[in-house]
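Enquirer: Just a sequence and a predicted model for now, questions to come.
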Amino acid sequence: MCRQKRFFSILFSMLVFLIVRPQTHIFAACAFLPSKINVTAAASSCAIDAGTLVGVDVTASENLVNTGVLTLNNAASAITINNTAQLYVGSVTVTAGTVTVQSGGILKANAPMWVTDADSDGYPVNLTLYSATGAGRRRFGLMTLTILDCNDADPATYANAVCYADADGDTYTTGGAQSVCGTSTTCGAGWRAAANGADCADNYADVWYSIAACYADIDTDGYGRTTSNTYTCINTASCATATVASIGTGTHSSYGYYSANNTDCNDIGTNAVNVYVSGTCYKDADNDNYGASGTTYTCMNNATCRSATWGSVGTATAYNYNFSNVSTDCCDTDINAYPSSAYCGSAVNACGAWEYDCDGAASEQCATSTYSCTNPCSGTTTSANITSSGWDAGVPGCGANGTWNMPDGAPHSGGTCYVGLDCAGIDYGSYAATQTCQ
């Protein structure tokens, strides 16, 4: 019995020596600590720094005891617990090597440890260990230590992932790859795990395609308005099919139709869909190729006035007319009245004037010749022989009636001069006529 007591006394003394033997050397930190599984010390010397807590914590639930075992089984293994340093374990097994506790150091068995895991997702925010539980703390032995929680306020995000910005959630990304707090395989809100295009306006979910320039086409005629903003970000690959646009990340619009050009001189007026080309044209109401002065139409559906069928004054209502590039028609409601017209009218024009050639001069009578009243032939006649066609007696005024004589072309025999015969015996016919004028 005495021998048994002596054996345990010697064993206890050796254990105390192993634990409290002074240590004066400075060693590297114990890299195998802390651990959430049973661990064997490395075959080298290491120290637990002052003011730190490390150890082994093995547990199946939050409130169970620590069953973690720290094993030293190599003579080269030497752990030093410095002043104010703490080593918490379930137990220590020493078959070779030493554990030295400096003055003020602590080696504690059956001791659990905690870390900060405020969102309870199993990922600690760091590896700072605590000797007591508290708000936002969880057992160290239950943690996943391969990842430190990058967002301890959200259990859905805990690992830094390679992500691409998609702030507006339209699946189109902007910028290059960034390290973002999400999960090991997915990114958080506002991010995508893979690049997708190059979102030109990541603040608008309905536009993403970058383009040189698009312009609002409010009247949907395929021509953008001249005063439109220049939109550089749209919701499709073509201005013609875009329905929404923005000026980069700035001004946003949803006109519904856009165009790659901005030549439309009237994009908003009534019937504006029919006009889109700038010009200088005049209404030609009688379609005689001459327009009237007054209204100048500046927006057309054809650059050539004669080919245009629609026109407007700026952005006002567009009208369906015939047009001309000149405005010198003196009566645009009479097709016979226009500059240099050769038409001779027997009545005033549609505008109420004796003016068809639009020369601005006094009315010109179209038929002005009169008959000769001489008698060049032999014979006994009491009336003058007629030697040329024309008015029988005097020239009537414009629109006035008179007698006009013309030869009928039939020879008259005898050669005798009579009224109504010329010297060659040709009979002249006569009829009532109205003086025409230009």
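Expert: Arrived safely.
Enquirer: ok, Asp332 - how many residues close by?
Expert: Other residues within reach of Asp332, judged by other CB atoms under 10 Å, total 25. C-beta coordinates here come from the backbone N, C-alpha and C atoms, glycine included.
Enquirer: shouldn't it be in contact with Asn289?
Expert: No. Using CB atoms under 8 Å, Asp332 is not in contact with Asn289, being 11.0 Å away.
Enquirer: Show the model's pLDDT score for the one residue sitting closest to the centre of the chain.
Expert: Central residue of the chain (CA atoms, centre = their mean): Ile234, 2.3 Å from the mean position. Ile234 is assigned a predicted lDDT (pLDDT) of 95.
Enquirer: Would you quantify the distance from the residue found closest to it once you drop the neighbours it is linked to in the chain to Tyr204?
Expert: In space, Ile234 comes closest to Ala242 once its chain neighbours are excluded; the distance is 3.9 Å by CB to CB, 6 or more residues apart in numbering. From Ala242 across to Tyr204, the span is 13 Å (CB to CB, to the nearest Å).
Enquirer: any idea how far Val94 lies from Leu107?
Expert: 11 Å.
Enquirer: between the two, who's got more neighbours?
Expert: Each of Val94 and Leu107 has its neighbours counted (other CB under 10 Å); Leu107 has more, 21 against 18.
Enquirer: That one pairs with what?
Expert: Leu87 (DSSP bridges).
Enquirer: That one contacts Ile81, correct?
Expert: Yes. Between Leu107 and Ile81 there is a contact under CB under 8 Å: 5.8 Å.
Enquirer: between those two, what contacts are shared?
Expert: Any residue near both Leu107 and Ile81 by CB atoms under 8 Å, 6 or more residues apart in numbering counts here, and that gives Leu87, Val99, Val101.
Enquirer: Identify the residue nearest the second one in space, chain neighbours excluded?
Expert: Nearest in space to Val99, with sequence neighbours left out and distances taken as CB to CB, 6+ apart, is Ile79 at 4.9 Å.
Enquirer: Quick check on that neighbour: phi, psi?
Expert: Here is the backbone geometry of Ile79 (degrees, to the nearest 10): phi -110, psi 130.
Enquirer: How about Ala272?
Expert: phi -60, psi -20.
Enquirer: show me what contacts it?
Expert: Applying CB under 8 Å, 6+ apart, the residues near Ala272 are Ile218, Asp219, Asp221, Asp264, Asn266, Ser312, Thr315, Ala318.
Enquirer: From what I see, the fourth one and Gly224 are in contact.
Expert: Yes. The pair Asp264 and Gly224 qualifies as a contact (CB under 8 Å) at a distance of 5.8 Å.
Enquirer: For Phe140, the count of nearby residues, please.
Expert: Neighbours of Phe140 under the rule other CB under 10 Å: 29.
Enquirer: neighbours of the closest residue to Thr328 other than its chain neighbours, just the number please.
Expert: In space, and not counting its chain neighbours, Thr328 is closest to Pro339: 5.1 Å by CB to CB, 6+ apart. Per other CB under 10 Å, the neighbour tally for Pro339 reads 16.
Enquirer: Now do the contacts for Pro339.
Expert: By CB under 8 Å, 6+ apart, the contact list for Pro339 reads Tyr290, Thr328, Asp329, Cys330, Asp357, Cys358, Asp359.
Enquirer: So among those residues, which ones count as buried?
Expert: Using 16 or more other CB atoms under 10 Å as the burial test, the contacts of Pro339 include Tyr290, Asp329, Cys330, Asp357, Cys358 as buried.
Enquirer: Quick check: the gap between the residue nearest to the first one when sequence neighbours are not counted and Ala318.
Expert: What it means is Tyr290. Nearest residue to Tyr290, sequence neighbours excluded (CB to CB, 6+ apart): Asp329, at 3.7 Å. To Ala318, Asp329 is 21 Å away according to CB to CB.
Enquirer: ok, back up a step: contact partners for the residue nearest to Val99?
Expert: Taking CB under 8 Å, 6+ apart as the criterion, Ile79 is in contact with Cys30, Ala41, Ser45, Cys46, Ala47, Ile48, Leu72, Leu87, Gly97, Thr98, Val99, Thr100.
Enquirer: Tell me the one among the buried ones among the contacts of Pro339 nearest to Gly175.
Expert: Of all those, the one with the least separation from Gly175 (CB to CB) is Tyr290, at 63.7 Å.
Enquirer: so that closest one sits right up against Cys305, yeah?
Expert: No. Contact criterion CB under 8 Å: Tyr290 and Cys305 do not qualify, at 11.0 Å.
Enquirer: between these two, what contacts are shared?
Expert: By the contact definition CB under 8 Å, 6+ apart, Tyr290 and Cys305 are jointly contacted by Ser324.
Enquirer: Poorly predicted segments of the chain, please.
Expert: 1-27, 362, 369-389, 392, 405-431 (pLDDT under 70).
Enquirer: per the record, what domains does it have?
Expert: Listed domain ranges for the chain are 2-112, 159-192, 209-259, 270-364, 365-438 (source: automatic domain parsing).
Enquirer: May I have the secondary structure class of Val273?
Expert: helix (DSSP: H, G, I helix; E, B strand; the rest coil).
Enquirer: who touches it in this structure?
Expert: Listed by CB under 8 Å, 6+ apart, the contact partners of Val273 are Asp219, Thr220, Asp221.
Enquirer: Check Gly311 too.
Expert: Counting by CB under 8 Å, 6+ apart, Gly311 touches 275, 279, 281, 283, 297-301, 318-319, 321, 323.
Enquirer: how about those in a markdown table, adding secondary structure and distance to Cys437?
Expert: Below are these laid out as a markdown table (DSSP: H, G, I helix; E, B strand; the rest coil; distance: CB to CB, whole Å):
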| residue | secondary structure | distance to Cys437 |
| --- | --- | --- |
| Val275 | coil | 40 |
| Gly279 | strand | 36 |
| Cys281 | strand | 31 |
| Lys283 | strand | 27 |
| Tyr297 | strand | 33 |
| Thr298 | strand | 37 |
| Cys299 | strand | 40 |
| Met300 | strand | 36 |
| Asn301 | coil | 39 |
| Ala318 | strand | 39 |
| Tyr319 | strand | 34 |
| Tyr321 | coil | 29 |
| Phe323 | strand | 29 |
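Enquirer: out of the residues you listed, who has the most neighbours?
Expert: Most neighbours among those, by other CB under 10 Å: Val275, with 31 neighbours.
Enquirer: count of residues packed around Trp191?
Expert: Residue neighbour count, defined by other CB under 10 Å, stands at 20 for Trp191.
Enquirer: rewinding a little: what separation do you get for the residue nearest to the centre of the chain and Ala367?
Expert: Ile234 sits 71 Å away from Ala367, going by CB to CB.
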